[in-house]
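Trainee: Got a predicted structure here, sequence first:
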Amino acid sequence: MTIITCIEDLRRLAQRRVPRMFYDYADSGSWTESTYRANHSDFQAIKLRQRVAVNLENRTLAGSMVGQPVAMPVALAPTGLTGMQHADGEILAARAAEKFGVPFTLSTMSICSIEDIAAHTTAPFWFQLYVMKDREFINRLIDRAKAARCGALVLTLDLQVLGQRHKGLRNGLSAPPRLTIANLINMATKPRWCLGMAGTRRRGFGNIVGHTSSVTDMSSLSAWTSQQFDLSLSWKDVEWIKQRWGGKLILKGIMDAEDARLAVESGADALVVSNHGGRQLDGAQSSIGALPAIVDAVGKQIEVHMDGGIRSGQDVIKALALGAKGVYIGRPFLYGLGAMGEQGVSKCLDIIRNELDLTMAFCGLRDIADVDQKILLPGTY
């Protein structure tokens, strides 16, 4: 593929280059995947108003998210196992985001560690936190994020229990991959990926292995994680983490207006309307479908972000028009990473920026800050 014009081109290329178990990990949802599909398809029903004879000179997409200047209101979402899409994947994605001028969010369940990202970047990155029963481990994670000068803590609230993802079970998903006959045969068709992985030492969960007394190697990790997600997570824990962290706090996984109001009361700086990419509660509303009610519920009391289903700059502008201050992309940058490494992530961001800029122009606007519901066709949202 010599010409890449859209995110779908990157997806097809990643599917050819990434081993099946890791491609499927990124490109799947839970159970029937109805919410995973709706996240994207619900964008298609929203129609834009085209305007003409408007001065379109000197357009700008620049803005801010939780006070941090951004080249466009888009952040790279926290995604687990990013370093299995491409060797050293989190480092490459963080570097691409820094060069472009948008935030990168490192997952707790990353392959590269907090310290790895800090050593290979200069801009503040964000860190996503899961709440574990081992509070001392959480304390240490927060301290490590502080030491790395992370610009925000993204606290994920919707993973107390794990949604069943059929593809992962069928593929025997693990990191490093289990060397079954089927996996070996599949990996043999991905020489570029294998060569990259052979050249890095980062193949396990870098934020966990060696950082808790219960996990000293990969063989003990599975048992630890299956027992550690905290079923008792409550808003009191959110308050404790906010005090412990002391910096910008973003709450991810809000899909209900009442929860959004509780997020405001918690004192968080932003919330993310998110159903975990359709990977948790199958049958839940799409993120873009839930966004307007949450914006109405909280007004300007808290900064509202969203993720889920974004595959283009047009999807970004629709989310902004419905009240989001910024959006997160997960699968699009993973496709770029799996397809072409750091260059692919940069290409993903370039595609999103170009589509966002041109769509804003077609809607008769020059400044991304002016995007609101007026650019949408009434009755389609």
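Mentor: Cool, got the structure. Source: prediction; values computed, not measured.
Trainee: Can you pull up the most central residue in the protein?
Mentor: In the chain, the centroid-proximal residue (CA atoms, centre = their mean) is Ala77; its distance is 1.9 Å.
Trainee: my guess is it contacts Leu334, does it?
Mentor: No: between Ala77 and Leu334 no contact is recorded; they are 9.2 Å apart, counting by CB atoms under 8 Å. Glycine gets a C-beta too; all of them are placed from N, C-alpha and C.
Trainee: thinking again about what came up before, show me the contacts for the residue nearest to the centre of the chain.
Mentor: Counting by CB atoms under 8 Å, 6 or more residues apart in numbering, Ala77 touches Thr105, Asp307, Tyr328, Ile329, Gly330, Phe333.
Trainee: now with 10 Å?
Mentor: Contacts of Ala77 were listed using CB atoms under 10 Å, 6 or more residues apart in numbering, and they are 103-105, 107, 126, 128, 154, 252, 272, 274, 277, 305, 307-308, 310, 327-334.
Trainee: and what of Ser110?
Mentor: When contacts are counted by CB under 10 Å, 6+ apart, Ser110 touches 78-84, 89-91, 93, 116-117, 127-128, 202, 205-208.
Trainee: In helices, which of those fall?
Mentor: Gly89, Glu90, Ile91, Ala93, Asp116, Ile117 (DSSP state H).
Trainee: Adding neighbour count, distance to Gly289 and pLDDT, write the residues you listed out as TSV.
Mentor: Shown next, in TSV, are the ones in helices among the contacts of Ser110 (neighbours: other CB atoms under 10 Å; distance: CB to CB, whole Å; pLDDT from 0 to 100):
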residue	neighbour count	distance to Gly289	pLDDT
Gly89	28	31	98
Glu90	31	30	98
Ile91	26	35	98
Ala93	33	28	98
Asp116	21	37	98
Ile117	23	33	98
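Trainee: Look up the pLDDT of Arg178 for me, please.
Mentor: Note on Arg178: pLDDT of 79.
Trainee: Look up the closest residue to it, ignoring the ones flanking it.
Mentor: Nearest in space to Arg178, with sequence neighbours left out and distances taken as CB to CB, 6 or more residues apart in numbering, is Gly172 at 5.3 Å.
Trainee: One more: Ala93?
Mentor: Distance criterion CB to CB, 6+ apart; nearest residue to Ala93, sequence neighbours excluded, is Val345 at 5.0 Å.
Trainee: where's the one you found, which helix or strand?
Mentor: Assigned by DSSP states H and E, Val345 belongs to helix 331-362.
Trainee: Okay, now the unreliable bits of this structure?
Mentor: 1, 215-223 (pLDDT under 70).
Trainee: in the stretch 51-200 of the chain, which spans are strands?
Mentor: 63-65, 68-70, 74-76, 105-106, 126-129, 152-156 (DSSP state E, counting those that start in this stretch).
Trainee: Could you export the ones you listed to JSON lines, including columns for mean neighbour count and distance to Gly364?
Mentor: Supplementary listing: the strands of the stretch 51-200 of the chain in JSON lines, determined by neighbours: other CB atoms under 10 Å; distance: least, CB to CB, whole Å:
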{"stretch": "strand 63-65", "mean neighbour count": "19", "distance to Gly364": "19"}
{"stretch": "strand 68-70", "mean neighbour count": "16", "distance to Gly364": "23"}
{"stretch": "strand 74-76", "mean neighbour count": "29", "distance to Gly364": "22"}
{"stretch": "strand 105-106", "mean neighbour count": "28", "distance to Gly364": "33"}
{"stretch": "strand 126-129", "mean neighbour count": "24", "distance to Gly364": "33"}
{"stretch": "strand 152-156", "mean neighbour count": "25", "distance to Gly364": "33"}
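Trainee: For Ala26, which of those is the nearest?
Mentor: Ala26 lies closest to strand 74-76 among these, at 13.3 Å (CB to CB).
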